[in-house]
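**Q** Here is my input; please provide its structure:
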Amino acid sequence: MKPYPRTAIVTGADRGIGKATALALARDGYDVGFTWHDDEAGAADTTEQIRARGRVTATLWLDTSDLSSCAPAVNALAGDLGTLGVFVNNVGIGLNAAVVDTTLANWQNILDTNLNGAFLCLQAAAKLLIAGNSGGRIVAVTSIHAQQPRFGFGAYCASKFGLDGLVRTLALELSEHAITVNAVAPGEIATHLPPDETRHAHQIPRPGLPLGHAAVAEEVAEVIAFLASPAASYVSGASWAVDGGMSQMGAQASSHLQNHDWRAATPKGTTTSH
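**A** The predicted structure follows:
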């Protein structure tokens, strides 16, 4: 079997982790197609930066809650690139509401965007990689909340628990085709800091995190880029926590919390976990 093509698709690369991932892959020699949703100027900047790295790119707008458009988007980008070797499912949205206060419409939107749309994109990418008969890489961005629940995150946790299970199952099913499938589970990532915040994320104290600060998107992207590379040839079905040790704090936090603030929404101005 020949080496898988140096072409990649990343969903949601107009900003944040998706953007950082698209640029990291372009740096590593991949032509990169990507989808965008919220930030048209950000998508244009991603395109410009990929081209500045000497790589081919293609892009289109995608709302993964519009389920009928998911597979066609992946197929169209792969067609523009000519081949597909790596697929990164990054799109995800959150909802901070107790289960008893979550409307069916909000529940459905989270599940469609984070899980059902992801399923259709991953399925389309898997079919393309199988047809290419050269192996390949699939990486899905989940969350530490794919394995650890959080108050007020019922719909989000359900979608990410489901996505994590899908990744593990795909890893088994695609192994015979030399396609590895892994998850990257971010913790607190500083992608939405207040406009007046001039400090680097590493300079903003977060005492509840073992490393003492949130991550920046590039730190997650580097792990994704590794899992997309030939160097990760024997890694499949794994979930890589990129959380500064946050997921190890469960029992420690429960014995040291001094009030019930954890029952409230994320305080204004703080970063949130992916």
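**Q** Now do stretch 252-269, average pLDDT.
**A** Per-residue pLDDT over stretch 252-269 has a mean of 74.
**Q** The chain should start at 106 in everything you say after this.
**A** Yes, from this point I'll number from 106; that puts the last item at stretch 357-374.
**Q** and the next element down the chain from the lengthiest strand in the chain?
**A** Scanning the chain for the strand with the most residues, using DSSP state E, yields strand 284-291. Downstream of strand 284-291, the first helix or strand assigned by DSSP states H and E is strand 293-294.
**Q** I'd like to know which elements that following strand is packed against.
**A** Helices and strands touching strand 293-294, by 3 or more C-beta pairs under 8 Å, 6 or more residues apart in numbering; DSSP states H and E, are strand 377-378. C-beta: built from backbone N, CA, C; applies to glycine.
**Q** need the contact list for the residue nearest to residue 132 when sequence neighbours are not counted.
**A** In this structure, residue 132 finds its nearest non-sequential neighbour in residue 158, 5.7 Å apart by C-beta to C-beta, 6 or more residues apart in numbering. By C-beta atoms under 8 Å, 6 or more residues apart in numbering, the residues touching residue 158 are 128, 131-132.
**Q** circling back to that earlier point, chain center to the longest strand of the chain, what's the gap?
**A** Distance, stretch centre to chain centre, for strand 284-291: 9 Å (C-alpha atoms, centre = their mean, to the nearest Å).
**Q** what are the pairing partners of it, and which direction each?
**A** strand 241-246 (parallel), strand 344-347 (parallel) (DSSP bridges).
**Q** Of the ones you listed, flag the one that's most buried.
**A** Mean neighbours per residue, mean count of other C-beta atoms under 10 Å, is largest over the strands paired with strand 284-291 for strand 241-246, with a mean of 27.
**Q** Following the chain onward from that one, which element is next?
**A** Going C-terminal from strand 241-246, and assigning secondary structure by DSSP H and E, you next hit helix 259-279.
**Q** Show me what that next one packs onto, helices and strands only.
**A** With contacts defined as 3+ C-beta pairs under 8 Å, 6+ apart, the packing partners of helix 259-279 are helix 209-216, helix 222-237, strand 241-246, strand 284-291.
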